[in-house]
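Undergrad: Sequence and predicted structure below; questions after.
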Number of protein chains: 2
Amino acid sequence: MSTGPRAVTIGDVARAAQVSTTTVSKVINGLPRVAPKTRERVLEVVAELGYQANPTARNLRAGRTDAIGLLVPELDRPYFGQLATRLADALEPTGRHLVVQRSGLSRADELAAASFARLRMYDGVIITVVGLNPPDLEQLNFRTPVVLVGERPLPRTFDHVMMDNVEGAATATAHLLERGSRRIVMLGGRQGTTEQDMPTLRTLGYYKAHARLGVPLDERLVAPIPLLDMASGYAAVRRLADDGVTFDGIVAATDVVAIGALRALGDLGIRVPADVQVVGFDNIDETEFTTPRLTSVDPGNEEIAATVLRFLESRMAAHASGEPEAASEPTAEVTIPARLVVRESTRPA
Amino acid sequence: MSTGPRAVTIGDVARAAQVSTTTVSKVINGLPRVAPKTRERVLEVVAELGYQANPTARNLRAGRTDAIGLLVPELDRPYFGQLATRLADALEPTGRHLVVQRSGLSRADELAAASFARLRMYDGVIITVVGLNPPDLEQLNFRTPVVLVGERPLPRTFDHVMMDNVEGAATATAHLLERGSRRIVMLGGRQGTTEQDMPTLRTLGYYKAHARLGVPLDERLVAPIPLLDMASGYAAVRRLADDGVTFDGIVAATDVVAIGALRALGDLGIRVPADVQVVGFDNIDETEFTTPRLTSVDPGNEEIAATVLRFLESRMAAHASGEPEAASEPTAEVTIPARLVVRESTRPA
DNA sequence: TTGAAAGCGCTAACAG
DNA sequence: CTGTTAGCGCTTTCAA
């Protein structure tokens, strides 16, 4: 198999400029000890031939790529887009850049494995663990510094920044209970599983709040949905209504699900927050622009991004300095506190 | 500078398994001509040492990365997230995967240049040209197959898939005019510039529709905004109202801007579509879930993604086969037809 | 100031 | 079936 039309290499430039590749290398990297005339000639040839260094070769040689990989379950979820933006912004001044890849929520393990293998080529890796099997992660065995960000407790092989799903959801639920809701749907909730995934944890908070406030709970109000997207949120609320389930509050597993729910309530002629109060989770930018504006749990998005990068920088520094003990240094695990942002989809106190 | 704790290499495995690196290579790549016993021994060592091939070295050697790069202006825009998802889905069966990077809308040229240089390491590159200076693109000189996707006519150095901004916006505007609007705001519009950027082109369509239907147009209704985001859309509508500008229709430059506008209209007590009709552009998934649901121009999203990949595959095939004439093959430029999707934010005929 | 040579980790001819 | 060797394109001692 041909590799296609050969690209211009440093050797081509060297030949054309009648110098060694060493000299060309120095010129294109702005290193000293090159005669001005030589530099000039090389630059001319570079321009003429349109030479650009092959980043792969450079990376192999340098042992680093100056790139940080971010693995997200899906590329079209506002939450991850906004997380990626925060990370990219913070990374920019460091001279590194962010590269985003999708792991695929429920794809074959094979695929997940491939995703992981490819991450090896980054200097550091941030993995959002939503929807990944812990087994996949344990297999994940490479020297590259890794920070996990997500919601579920995990084997502590890596630094891990967690959002406080349980308390966040408990706060949200308590808020609805305090504002008078008594039959609250846990939309996108999950129960009866041993898995500690995000829906399960948020559902746990929902239970806790009821217990704390001594409000009885109808298990039929826990409404699982297949995907945490708008369409599923919409469909689930319509179904509840069709089934004649009565409710006066909704805790949505995510803001995106809540947006679907709001649309369904609108179609059903149910007023928010007068008839049904709604609270979301994630505090994505969209919450400010829904009708009505969505009360939501902010999992500490700014702090999550900052903490992830702090951990990563620290691991990378240790890694770069070659500290052998870096690998065995105990992994950090922090839970970022969540905070309720009250907007219009819940009633005033 | 140390490169950090040395990773396990193929050489380490070879040594431990008492074979050559060739044999190890064959084993990990599943190639034939390895004795079962040898294979087994190698695999044991691989597992024991936790060896994983260095993708950078492999890429350098192979001359390809099996990765397609996608350059987007921002990581948190629904439109690009949804485009990325379409592309990633379509790419999956081909054994290649998508890698997303941000160009940064209005960042320094330096940064754009850096982004481009890094794209060299992909087998193919898809660049969304919103907000990129054509000069940047002309400098873009590498052998990697490139397809441009975006809205503005460009020097035809590359294959280019365009959306029909002018006709799309004209259709949207005509729709409002036909449904009775007479004072239509072009929200996020732009005029009086020679640049052929997206806001300008969509504004052009807005003008065209007025001309075609013989409806006079108040230039003060073209409302530029700094950023095409929800907050700017919101602020602009509030400002128009504060300034006492009267209007009975809004053509928003993008759906995201329209979402901000809807929220502002709600706050102002203006009914949609009874008092003011609103139409967006992009047909992002969110349009189905706004209140009211947003009428929008679908620029042909499915077809855009499919066409981009068709072009790219074709370029990549030519490139891989080493056809020298591949480079000089004329570039394709197609405009995908746009189509109006009528929802609830505009009145029935 | 310049260049020769080694080598990053891997794969592919080619011998044996 | 296995190993030796060369080399992907680049950077970096080290010597000249």
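TA: Yep, that arrived.

Undergrad: At which residues are the helices of the stretch 101-250 of chain A located?
TA: Under the criterion DSSP state H, counting those that start in this stretch, helices of the stretch 101-250 of chain A are mapped to A:109-119, A:134-139, A:165-178, A:198-213, A:230-242.

Undergrad: Adding mean pLDDT, write those helices out as CSV.
TA: Output for the helices of the stretch 101-250 of chain A, formatted as CSV (pLDDT from 0 to 100):
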stretch, mean pLDDT
helix A:109-119, 76
helix A:134-139, 62
helix A:165-178, 98
helix A:198-213, 97
helix A:230-242, 98
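
Undergrad: Let me know which of those is the nearest to residue A:248.
TA: helix A:165-178 (8.6 Å; C-beta to C-beta). C-betas here are computed from N, CA, C, even on glycine.

Undergrad: Am I right that residue A:159 is in contact with residue A:331?
TA: Yes. If you go by C-beta atoms under 8 Å, residue A:159 and residue A:331 touch, sitting 5.1 Å apart.

Undergrad: quick one: which of the two has more around it?
TA: residue A:159 (23 against 16; other C-beta atoms under 10 Å in any protein chain shown).

Undergrad: Following the chain past the helix ranked longest in chain A, name the next helix or strand.
TA: The helix that spans the most residues within chain A, counting by DSSP state H, is helix A:301-320. The element immediately downstream of helix A:301-320 (helix or strand, assigned by DSSP states H and E) is strand A:333-336.

Undergrad: so which of the helices of the stretch 101-250 of chain A gets nearest residue A:301?
TA: Closest approach to residue A:301 among the helices of the stretch 101-250 of chain A (C-beta to C-beta): helix A:165-178, 11.8 Å.

Undergrad: Output the closest one in PDB, but only the C-alpha positions, please.
TA: Output of helix A:165-178 as PDB, limited to C-alpha atoms (Å, rounded to 0.1, in the frame of the first residue of the first chain):
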ATOM      1  CA  ASN A 165     -24.800  13.300  43.000                       C
ATOM      2  CA  VAL A 166     -26.500  12.100  46.100                       C
ATOM      3  CA  GLU A 167     -26.500  15.300  48.100                       C
ATOM      4  CA  GLY A 168     -27.100  17.400  45.000                       C
ATOM      5  CA  ALA A 169     -30.200  15.400  44.200                       C
ATOM      6  CA  ALA A 170     -31.200  15.400  47.800                       C
ATOM      7  CA  THR A 171     -31.000  19.200  47.900                       C
ATOM      8  CA  ALA A 172     -33.100  19.400  44.800                       C
ATOM      9  CA  THR A 173     -35.700  17.100  46.100                       C
ATOM     10  CA  ALA A 174     -35.900  18.700  49.500                       C
ATOM     11  CA  HIS A 175     -36.400  22.000  47.700                       C
ATOM     12  CA  LEU A 176     -39.400  20.700  46.000                       C
ATOM     13  CA  LEU A 177     -40.800  19.200  49.200                       C
ATOM     14  CA  GLU A 178     -40.200  22.400  51.100                       C
END
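
Undergrad: Report the inter-axis angle for that helix versus helix A:198-213.
TA: 50 degrees (axes from the mean of the first three to the mean of the last three C-alpha atoms, to 10 degrees).

Undergrad: Report the buried residues of helix A:165-178.
TA: Neighbour counts over helix A:165-178 (16 or more other C-beta atoms under 10 Å in any protein chain shown) mark A:165-177 as buried.

Undergrad: and it, how far out from the chain's middle?
TA: Relative to the chain's own centre, helix A:165-178 is displaced by 23 Å; criterion: C-alpha atoms, centre = their mean, to the nearest Å.

Undergrad: ok, now stretch A:329-345?
TA: 14 Å.

Undergrad: May I see the buried residues of that stretch?
TA: Across stretch A:329-345, burial judged by 16+ other C-beta under 10 Å covers A:331-332, A:335-336, A:338, A:340, A:343-345.

Undergrad: can you name the two of those that are farthest apart?
TA: Using C-beta to C-beta, the buried residues of stretch A:329-345 reach their maximum pairwise distance at A:331 and A:344, which is 41.2 Å.

Undergrad: follow-up on the earlier one: return the alpha-carbon coordinates of the longest helix of chain A using CSV.
TA: C-alpha atoms of helix A:301-320 as CSV (Å, rounded to 0.1, in the frame of the first residue of the first chain):
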residue,chain,number,x,y,z
ASN,A,301,-18.8,23.0,37.2
GLU,A,302,-16.2,25.6,37.5
GLU,A,303,-14.5,23.9,40.4
ILE,A,304,-14.7,20.5,38.7
ALA,A,305,-12.8,21.8,35.7
ALA,A,306,-10.3,23.6,37.8
THR,A,307,-9.7,20.6,40.1
VAL,A,308,-9.4,18.2,37.2
LEU,A,309,-6.7,20.3,35.7
ARG,A,310,-4.9,20.8,39.0
PHE,A,311,-4.7,17.1,39.5
LEU,A,312,-3.6,16.5,35.9
GLU,A,313,-0.9,19.2,36.0
SER,A,314,0.4,17.7,39.1
ARG,A,315,0.5,14.2,37.7
MET,A,316,2.1,15.4,34.5
ALA,A,317,4.7,17.4,36.4
ALA,A,318,5.7,14.3,38.4
HIS,A,319,5.6,12.2,35.3
ALA,A,320,7.8,14.6,33.3
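
Undergrad: tell me which residues in that helix are buried?
TA: Those would be A:301, A:303-316, A:318-320, for helix A:301-320 by 16+ other C-beta under 10 Å.

Undergrad: Skipping adjacent residues, who's closest to residue A:225 in space?
TA: residue A:232 (4.1 Å; C-beta to C-beta, 6 or more residues apart in numbering or on different chains).
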